[in-house]
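1. Predicted model and sequence follow; I will ask about them next.
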Amino acid sequence: MPETSARATALCGFTALAVAMGIGRFAFTPILPMMQEDAGLDVAEGGWLASANYVGYLVGALTVAHGPSKPRFAIRAGLLAIALTTLATGSTGSFAAWLVLRALAGAASAWVLVHVSAWSLARLERAGRSDLGGVVYAGVGSGIVFAGLVCLALAQAGLASSDAWIALGIAAGLLTAVLWSRAGSDVESATKNPGPQARPREIPEFWRLTFCHGALGFGYVIPATFLPVMANRIVPDPLSFGWAWPVFGAAALASTLLAARMARLASYRSLWTLGNLVMAAGVLVPIFEPGLTGIAVAAVCVGGTFMVSTMAGLQEARRVAGANSRVLMGAMTAAFAAGQIAGPLLAGVLTTAESGFSKALGVAAVPLVVSACLLSNKGEKP
């Protein structure tokens with residue numbers, strides 16, 4: 001594959017993940033303060049909507065894992081579904097409809113993430129440019145930054161949350177049209193099962209790594225969902241609080257691009273351990289520094305580690321499980337999704353007018369610290 005084709009593949013994957021994750025998964029976060037303002041949404045309802053998206057993501061990940069790999073169809077269908085559900089969210093005021101639409105968007109984003117990863121990384125490996133994989137995953141942070149800036153601009157202009165959903169839906173539709181003939185092309189679609197799957201007891205550290213990845217999903221999702229809301233409670237001016245989410249995304253973007261270089265200096269397990277500790281510190285900072293400074297630090301610490309820890313965890317699964325890595329990765333992904341589902345629901349229960357998000361943040365930090373301790377004890381040798 002020519003160098004220009006490899007770069008085009010990386011850019012295509014980058015753009016697809018920006019739509020799938022920045023809009024399909026995480027657009028709700030910067031729009032939530034706007035929905036609280038003009039739709040009367042409370043924190044508990046926000047938690048339900050966030051969890052609906054994570055449930056959809058879990059269902060999507062489970063369904064794609066049990067079917068044949070058809071990257072072109074799955075990527076097209078997923079991107080189109082994200083565009084349509086995002087537009088529809090801005091076109092209705094029904095909470096029940098929002099729940100369904102956010103779940104569908106979550107399922108579609110899982111399909112796009114899995115198939116874009118399989119397609120783009122396979123092509124880059126054949127081209128001898130696996131190093132461009134970091135560019136593909138930088139699309140997640142870029143999509144978060146884009147969605148955050150769009151919401152910031154619209155809120156500053158005094159527009160409604162419905163306008164933000166529609167604007168992002170249009171953006172997703174336009175990018176889908178650009179990618180329509182490019183994503184998922186030139187790759188074998190069928191993937192056969194190489195043989196019987198190993199049982200958990202046959203894989204070293206199965207439950208340890210599964211728990212640690214679930215802790216990551218639980219620990220990052222509370223600040224990832226509610227940082228703009230926390231900032232809005234301090235400074236109601238959207239020009240001030242609206243920067244929390246773009247900062248989060250920028251940190252995710254930069255950390256993803258640096259991940260490959262960091263892996264040359266330390267093992268993926270060490271990066272995962274360090275990432276969880278930095279994330280735990282970032283989660284706790286707003287409790288002791290409840291102003292915008294504390295929220296900015298949290299955005300950088302959490303945003304700068306959640307993608308690195310995610311990738312490092314899956315790389316560690318590959319190292320530990322070898323030929324059975326698919327079994328371990330599947331369990332870790334399910335645990336991660338379960339953590340994401342539980343986090344916003346717990347935040348909705350623990351958050352009160354008096355204590356704010358302090359209790360929820362404190363609880364979120366605990367499994368991150370526990371998992372870092374478990375990872376530092378390397379356990380069984382693969």
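-> Thanks, I have it.
2. What residues of stretch 243-261 count as buried?
-> 243-256, 259 (16 or more other Cβ atoms under 10 Å). Just so you know, the C-beta spots here come from the backbone N, C-alpha and C atoms, and that holds for glycine as well.
3. State the mean pLDDT of whatever helix or strand Gly169 lives in.
-> Taking DSSP states H and E as the criterion, Gly169 maps to helix 161-179. For helix 161-179, mean pLDDT is 96.
4. same for the host helix or strand of Ala118, what does it pack against?
-> In this structure, Ala118 sits in helix 95-126 according to DSSP H and E. With contacts taken as 3 or more Cβ pairs under 8 Å, 6 or more residues apart in numbering; DSSP states H and E, helix 95-126 sits against helix 3-17, helix 43-65, helix 71-89, helix 133-156.
5. Can you give me the buried ones in it?
-> Quick answer for helix 95-126 (16+ other Cβ under 10 Å): 98-124.
6. Mean pLDDT lowest where, among the helices and strands packed on helix 95-126?
-> helix 43-65 (a mean of 83).
7. chain center to it, what's the gap?
-> 12 Å (Cα atoms, centre = their mean, to the nearest Å).
8. Mind listing what's buried along that helix?
-> 43, 45-61, 64.
9. Which stretches in the stretch 201-350 of the chain count as helices?
-> With helices called from DSSP state H, counting those that start in this stretch, the stretch 201-350 of the chain shows them at 206-234, 238-241, 244-265, 268-288, 292-303, 306-321, 325-350.
10. Thr176: which of those helices is closest?
-> Of all the helices of the stretch 201-350 of the chain, it is helix 244-265 that lies closest to Thr176, at 20.3 Å by Cβ to Cβ.
11. Helix 292-303 and that closest one, what's the angle between them?
-> 40 degrees (axes from the mean of the first three to the mean of the last three Cα atoms, to 10 degrees).
12. on contacts alone, who are the packing partners of helix 244-265?
-> Here helix 244-265 touches helix 133-156, helix 206-234, helix 268-288, helix 292-303, helix 306-321, going by 3+ Cβ pairs under 8 Å, 6+ apart.
13. I'd like to know which elements the shortest one is packed against.
-> Going back to what we said before, that points to helix 292-303. Helix 292-303 packs on helix 206-234, helix 244-265, helix 268-288, going by 3+ Cβ pairs under 8 Å, 6+ apart.
14. With Cys151 as the reference, measure out to Ala160.
-> For Ala160, the distance to Cys151 equals 11 Å [Cβ to Cβ, to the nearest Å].
15. who touches both of these two?
-> Common contacts of Ala160 and Cys151 (Cβ atoms under 8 Å, 6 or more residues apart in numbering): Met34.
16. if we can go back for a sec, so which of the helices and strands packed on helix 95-126 gets nearest Leu328?
-> Across those, closest to Leu328 is helix 43-65 (Cβ to Cβ), at 12.8 Å.
17. and the direction of that closest one versus that of helix 71-89, what angle?
-> Going by the same axes, to 10 degrees, helix 43-65 makes 160 degrees with helix 71-89.
18. Now do helix 43-65: which elements does it pack against?
-> Going by 3+ Cβ pairs under 8 Å, 6+ apart, helix 43-65 lies up against helix 28-38, helix 95-126, helix 206-234, helix 325-350.
19. and these, which one is worst for confidence?
-> Among the helices and strands packed on helix 43-65, helix 325-350 scores lowest, at a mean of 79.
20. list the buried ones in that one?
-> If you call a residue buried by 16+ other Cβ under 10 Å, then helix 325-350 has these buried ones: 325-344, 346-348, 350.
21. Then stretch 287-305?
-> Buried residues in stretch 287-305, counted by 16+ other Cβ under 10 Å: 287, 290, 292, 294-305.
22. Now do the domain split for the protein, please.
-> Per automatic domain parsing, the structural domains of the chain span 1-192, 197-382.
23. so what's Ser51 up against?
-> Gln340, Ile341, Ala342, Pro344, Leu345.
24. Please look at the third one and Gly219 and confirm they touch.
-> No. Using Cβ atoms under 8 Å, Ala342 is not in contact with Gly219, being 10.9 Å away.
25. Which residue is the nearest non-sequential neighbour of Phe288?
-> Gly294 (7.1 Å; Cβ to Cβ, 6 or more residues apart in numbering).
26. Please report the distance of that neighbour from Gly249.
-> Gly294 is 19 Å from Gly249, by Cβ to Cβ.
27. So what does Ala157 have for phi and psi?
-> Dihedral angles of Ala157 (phi, psi; degrees, to the nearest 10) stand at phi -80, psi 0.
28. Can you tell me how far it is from Cys151?
-> 11 Å.
29. Check Gly339 too.
-> 25 Å.
30. who's in contact with the closest residue to Leu11 other than its chain neighbours?
-> With Cβ to Cβ, 6+ apart as the criterion, Leu11 has its nearest non-adjacent residue at 7.3 Å, and that residue is Val135. By Cβ under 8 Å, 6+ apart, Val135 lies in contact with Ala10, Leu11, Gly13, Phe14, Leu257.
31. How about the fourth one, nearest residue that isn't a chain neighbour?
-> Here the nearest residue to Phe14 in space, its sequence neighbours aside, is Gly139; by Cβ to Cβ, 6+ apart that works out to 3.8 Å.
32. Any idea how many residues pack against the one you found?
-> Burial of Gly139 is recorded as 27 neighbouring residues (other Cβ atoms under 10 Å).
33. Just confirm it contacts Ala10, I think it does.
-> No. With contacts defined as Cβ under 8 Å, Gly139 does not count as touching Ala10, sitting 9.3 Å away.
34. ok, Ala18 to Gly291 distance?
-> Ala18 is 31 Å from Gly291, by Cβ to Cβ.
35. What number of neighbouring residues does the closest residue to Trp243 other than its chain neighbours come out with?
-> Nearest residue to Trp243 in three dimensions, chain neighbours excluded: Leu152, at 6.8 Å (Cβ to Cβ, 6+ apart). Around Leu152 sit 22 other residues, with neighbours defined as other Cβ under 10 Å.
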